[in-house]
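> Here is a sequence with its predicted model. Questions after.
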2 protein chains.
Amino acid sequence: MAASQAHQLWIIEAIGLKLAASASHIDSPNASLTLGQRLYAALRESIQSGALAPGSQLPASRRLAAALGIGRNTVLGAVERLVAEGFLRAQPGSGVFVAEWQPPPPAPRGGSDVLPPLSARGTRILDFERTLSGRHSAFAPGVPALDRFPRERWQRLLRRHQQRAPTAWFDYQSQGGVSALREVLCDYLQLSRSVRCHPGQILITQGAQQGFELVARLLADVGDTLWMEEPGYGGAQSCFVSAGLALEPVPVDAEGMNVAALAADTPAPRLIYVTPSHQYPCGVTLPLSRRMALLALARHHRAWIIEDDYDSEFRYASAPIASLQGLIEEAPVIYVGTFSKVLYPGLRLGYLVLPEALVEPFRRANARLHREGQYLVQAALADFIGEGHFARHVAQMRECYRQRQAALREALAPAVARGLVLSAGQAGMHLVARLDTLDEERTLVEQAAAADILLSPLSQYYLRAPVQAGLVLGYAGATPAEIARAGGWLARRWLALHGAD
Amino acid sequence: MAASQAHQLWIIEAIGLKLAASASHIDSPNASLTLGQRLYAALRESIQSGALAPGSQLPASRRLAAALGIGRNTVLGAVERLVAEGFLRAQPGSGVFVAEWQPPPPAPRGGSDVLPPLSARGTRILDFERTLSGRHSAFAPGVPALDRFPRERWQRLLRRHQQRAPTAWFDYQSQGGVSALREVLCDYLQLSRSVRCHPGQILITQGAQQGFELVARLLADVGDTLWMEEPGYGGAQSCFVSAGLALEPVPVDAEGMNVAALAADTPAPRLIYVTPSHQYPCGVTLPLSRRMALLALARHHRAWIIEDDYDSEFRYASAPIASLQGLIEEAPVIYVGTFSKVLYPGLRLGYLVLPEALVEPFRRANARLHREGQYLVQAALADFIGEGHFARHVAQMRECYRQRQAALREALAPAVARGLVLSAGQAGMHLVARLDTLDEERTLVEQAAAADILLSPLSQYYLRAPVQAGLVLGYAGATPAEIARAGGWLARRWLALHGAD
């Protein structure tokens, strides 16, 4: 006991030295701490290092305070915190003791073995990150003309709702989204896409990705088959893989997804993912006959079709294409939309149009799995649409992208004249340039990176071999000058590779 | 041919009638459409109904315009759109024809058979929705005092960043969050929770739920075992179930998660979910010995611990508890935090503190699976923390919740005096009242709903039988007056049920 007491006093002295040291060194990480915080840290360190042995008694707070030359309340505060955390144990009537505890065995040495590895699906999900673009320049696919977004007006609407927002909007929500937004959105979808819906069928999500996640999990089980356009959209692919689905690639030809090309023994689908209005990334439109056949096939297999309508606003020459969802009554279709392209990606707002029977389950599951939010932003968006700013912005972007696509075609014209094949169409935010070989694709991608140009290789939009070589060229987010520079560079490089420099 | 021509003319006449009708009825859903839109709709309807037969030729646009008494450009616009959509087929030189297509077979009649059903996991996910609260009143668990949130100041910070935000913040992002936020958050976590980290280890997510999703998918495969506190947090449960994990309940006793109580043949965990600072919903703190044992166990099984630290700010009597993550070096721990409790749930911001080796994979997978966003809000939050408003708000809420808990204890005192058992602790945002039977629980929940009081049954926080009966009483989001009313009601009802009215 006497030895133990002596030991304790020695420890206290050491703690005193530590306190003094941490106070006097401005550079010390503890310099900004209060005295109580420093005492807490010093005591805790002594316990964790074993200097204050498990089971040993701490000197009384009064004595500790006197020995350290600090206030008793400071000591009490630190001790109380350590008691709450379990480092010390207060035994009423007899004092405060260092808790009995055993340190875990030291981590095994040797780099990667120290911590557990990624899961198999985690590794697979990371594979899809290759097709991710997040750069506001030529030729990042899917990035809109952010420099042309009406920020002033948008901010005014946000401010309006920041001031007005009911307290409930700060709370958890489970209504499926701000009703004013669902109403104007419903009008818009009926009119411009012939979607069959009423506002109650719309569920606002935090981006289309969240919509895909909900569909994959509420309508398919692990191991179920999903038919996916090949090549197709990486964001959707990664989401379906992460949901444990078996992805069955369906070839895309000049008329879009071609289910007739599937082998007879292809597993029947539980879900079918399709971009009928403007295939991603090839840009073709699924004709009526295939649409009807797809609906018939879905009904036959009791499968759901996921209709991803990500950029239909941007058809330069004619009105947007009508949706697959609205073609027939009670279509087995979930229509997925996003505001990332028409407004901006950082907004993180998208939506699902659900058949009546799925409205309640989806709303409830979304509230549980993801929680709803951004009601204030949703309200501002409702006004943005309702007051006509949305339609005006879309019309302006349509013209802007038409010009940017024309600029890209013009910049690439020298190569096109010598045989470079570009996708057709007066629509969208990107073009696809076909290449002969994967070698050529890789060479161009690498050289472009060195020239600060982002080329997205078409081969990476495929789930399986055989893949096709090419480049997905996003032009919407790049200025005409950037397009001219990067397009000119690409034309010259392509001509050089084809011996026509 | 002549017959067909006659038929076509008859159709055109019908279309003319439709156009006239839709124009003259203000109440018609088509009243706000332009003439071109109405013509498009009428033609499309005639094609879809079969009135305009597949393969038949459309009269020339000039003739159609004359017959309908409208401009030729209006006709051309509608025809072009229908060609783009595949309803019509333009054959250069010979004319425009109705596309060949087959309608899908009619949907089978009979209610639920028409559309495919929910998945098995979808049905299971919906089960967890029972524990979801979204009501700003007594006794919704997990809802903070939104009436006390400093909205003016917060709006000022949002406005500041709305004006300053770089264009890139409107774009897709994949940096892991605004760096200023990660820096102030890192300081805060080091100081108040003894978390071991540098700012690069922090990944900002759209709420803690998104953090759980990432962990479940990147660190576990379908069928892997996750040990879950029993009773435990429904949001996490639903998320892990939706990720296909096998949830193994670990009993919670007076010292929190008790792995020693597990049967010897319990499958080894790949993930362990724990709320060590303040068990949800029981409110107990995991002592040091169990923390160290849990770390040792995780190392032994090469499992990851998910430390959910959802409301540690609100310990009324002492400083917040230090994290499990910071107890040892290279701890196999993912620390999960949220701003839903300290600020407001509608904000949808949370974060992960990741071991160095997981930073890159998580950042990349998050950008791919969920996309990042709300950089502007993140920047405002960085200032909110950096300028001290956060610490002040937390301190005020701590005092507010202390008072509200005291108000609830006071309101329930008559029942407690007669044997009602309330959870101990001077912390958090809710208390748990134990009940004797599930019958009693159900009776009180139902009677409360009729009195517009939300009682959350404890039994629903369990994954499996045996469950315990009780009530989870959130007091943080309710005013003292609401607490007095609802608490008084509950005390009276409980006393009545126990024959002590």
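Right, received. Where do you want to start?
> okay, and for chain A, where does confidence drop off?
A:1-9, A:21-32, A:107-114, A:131, A:133-134, A:501 (pLDDT under 70).
> From the contact counts, what lies against the strand ranked longest in it?
The residue-count maximum for a strand in chain A (DSSP state E) belongs to strand A:246-253. Packing contacts for strand A:246-253, counted by 3 or more C-beta pairs under 8 Å, 6 or more residues apart in numbering or on different chains; DSSP states H and E, involve strand A:225-230, helix A:234-242. The C-beta positions use only the backbone N, C-alpha and C, and glycine is treated the same way.
> what about stretch A:226-239 and chain B, touching?
Yes - interface with chain B: stretch A:226-239 contributes A:234-235, A:238-239 (C-beta under 8 Å from any C-beta of the partner chain).
> What is the end-to-end distance of that stretch?
For stretch A:226-239, the first and last residues are 12 Å from each other (C-alpha to C-alpha, to the nearest Å).
> next one: that stretch to chain centre, how far?
Between the centre of stretch A:226-239 and the centre of its host chain there is 15 Å, according to C-alpha atoms, centre = their mean, to the nearest Å.
> Give me the three-state assignment for A:Val472.
Per DSSP: H, G, I helix; E, B strand; the rest coil, the local secondary structure of A:Val472 is strand.
> what about the helices in the stretch 351-500 of chain A?
A:356-369, A:375-386, A:389-417, A:438-450, A:480-497 (DSSP state H, counting those that start in this stretch).
> B:Pro104 is nearest to which of the ones you listed?
helix A:356-369 (18.5 Å; C-beta to C-beta).
> Can you give the contact residues for the closest one?
Outside helix A:356-369, the residues that touch it by C-beta atoms under 8 Å, 6 or more residues apart in numbering or on different chains are A:172-176, A:200-201, A:203, A:205, A:210, A:213-214, A:217-218, A:334, A:352, A:354, A:372, B:112, B:115, B:118, B:122, B:125-126, B:128-129, B:132, B:134, B:209, B:213, B:234-235, B:238-239, B:242.
> got the helices and strands packed on strand A:246-253 as a markdown table, with mean neighbour count columns?
As requested, those are exported to a markdown table (neighbours: other C-beta atoms under 10 Å in any protein chain shown):
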| stretch | mean neighbour count |
| --- | --- |
| strand A:225-230 | 25 |
| helix A:234-242 | 25 |
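> ok, back up a step: take the contacts of helix A:356-369 and keep only those in helices.
A:210, A:213-214, A:217-218, B:122, B:125-126, B:209, B:213, B:234-235, B:238-239, B:242 (DSSP state H).
> Tell me which two of those sit farthest apart.
A:Gln210 and B:Gly234, at 19.1 Å, using C-beta to C-beta across the ones in helices among the contacts of helix A:356-369.
> and the closest residue to A:Arg135 other than its chain neighbours, how far is that from A:Ala216?
Using C-beta to C-beta, 6 or more residues apart in numbering or on different chains and skipping the chain neighbours, the partner closest in space to A:Arg135 is A:Leu454 (5.4 Å). Distance, A:Leu454 to A:Ala216, using C-beta to C-beta, to the nearest Å: 29 Å.
> Those two: which has the busier surroundings?
A:Ala216 (28 against 21; other C-beta atoms under 10 Å in any protein chain shown).
> Wait, the more buried one touches A:Val241, no?
No - with contact defined as C-beta atoms under 8 Å, A:Ala216 does not count as touching A:Val241 (9.5 Å).
> A:Cys186: what's it in contact with?
A:197-199, A:201-202.
> Let me know how buried A:Gly55 is, in neighbour terms.
Other residues close to A:Gly55 by other C-beta under 10 Å number 12.
> burial of A:Phe212, as a residue count?
29.
> can you check A:Thr123 too?
Neighbours of A:Thr123 (other C-beta under 10 Å): 14.
> ok so, going back, nearest approach to A:Leu294 belongs to which of the helices and strands packed on strand A:246-253?
Per C-beta to C-beta, nearest to A:Leu294 of these: strand A:225-230, 9.5 Å.
> Now the closest residue to chain B within the stretch 351-500 of chain A. Nearest residue, chain neighbours left out?
With C-beta to the nearest C-beta as the measure, A:Gly373 is the residue of the stretch 351-500 of chain A nearest to chain B, at 3.6 Å. In this structure, A:Gly373 finds its nearest non-sequential neighbour in B:Arg348, 3.6 Å apart by C-beta to C-beta, 6+ apart.
> Kindly report the same for A:Glu372.
Of all residues not flanking A:Glu372 in the chain, A:Gln173 sits nearest, at 4.2 Å (C-beta to C-beta, 6+ apart).
> Dihedrals phi and psi, the one you found?
Note on A:Gln173: its backbone torsions stand at phi -130, psi 150 [degrees, to the nearest 10].
> Same check on the one 5 residues further on?
For A:Val178, the backbone dihedrals (degrees, to the nearest 10) come out as phi -60, psi 130.
> Would you map out the domains in chain A?
Using automatic domain parsing, the domain parsing of chain A gives A:3-98, A:123-135+A:148-391, A:393-497.
> Which one of those lies nearest to B:Ser49?
domain A:123-135+A:148-391 (11.6 Å).
> neighbours of A:Glu330, just the number please.
Per other C-beta under 10 Å, the neighbour tally for A:Glu330 reads 14.
> That one is in what secondary structure piece?
Secondary structure assignment for A:Glu330, by DSSP states H and E: no helix or strand.
> just checking, it touches A:Ala298?
No - with contact defined as C-beta under 8 Å, A:Glu330 does not count as touching A:Ala298 (11.5 Å).
> mind listing what the residue nearest to A:Glu372 touches?
A:Gln173 touches A:367, A:371-373, A:375, B:134, B:346, counting by C-beta under 8 Å, 6+ apart.
> Equivalent analysis for A:Trp494, please.
A:415, A:420, A:433, A:444.
> Then A:Lys341?
With C-beta under 8 Å, 6+ apart, A:Lys341 has these contacts: A:142, A:144, A:310-311, A:313-314, A:429, A:476.
> I'd like the residues you listed as a markdown table, with neighbour count appended.
What follows is those, written out as a markdown table (neighbours: other C-beta under 10 Å):
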| residue | neighbour count |
| --- | --- |
| A:Gly142 | 29 |
| A:Pro144 | 26 |
| A:Tyr310 | 24 |
| A:Asp311 | 25 |
| A:Glu313 | 24 |
| A:Phe314 | 24 |
| A:Met429 | 26 |
| A:Ala476 | 25 |
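> Of those, which are in range of chain B?
A:Gly142.
> Excluding chain neighbours, give the residue nearest to A:Phe97 in space.
Nearest one to A:Phe97, counting by C-beta to C-beta, 6+ apart, is A:Arg89 at 4.9 Å.
> Could you do A:Leu19 as well?
Nearest non-adjacent residue to A:Leu19, counting by C-beta to C-beta, 6+ apart: A:Arg38, 5.5 Å away.
> isn't the one you found right up against A:Ala20?
No - under the criterion of C-beta under 8 Å, A:Arg38 makes no contact with A:Ala20, lying 9.7 Å away.
> Between these two, which has more neighbouring residues?
Higher neighbour count among A:Arg38 and A:Ala20: A:Arg38, with 23 against 13, using other C-beta under 10 Å.
> Relative to A:Glu410, how far out is that one?
Separation of A:Arg38 from A:Glu410 (C-beta to C-beta): 68 Å.
> where exactly do the helices run in the stretch 1-150 of chain A?
Using DSSP H, counting those that start in this stretch, the helices of the stretch 1-150 of chain A run over A:2-24, A:35-49, A:61-68, A:72-84, A:120-127.
> now what about the second one, what contacts it?
Helix A:35-49 is touched from outside by A:11, A:14-15, A:18-19, A:22-23, A:30, A:33, A:52, A:68, A:70, A:74-75, A:77-79, A:81-82, A:87-88, A:98-99, A:103, B:191, B:194, B:319, B:322, B:327, with contacts defined as C-beta under 8 Å, 6+ apart.
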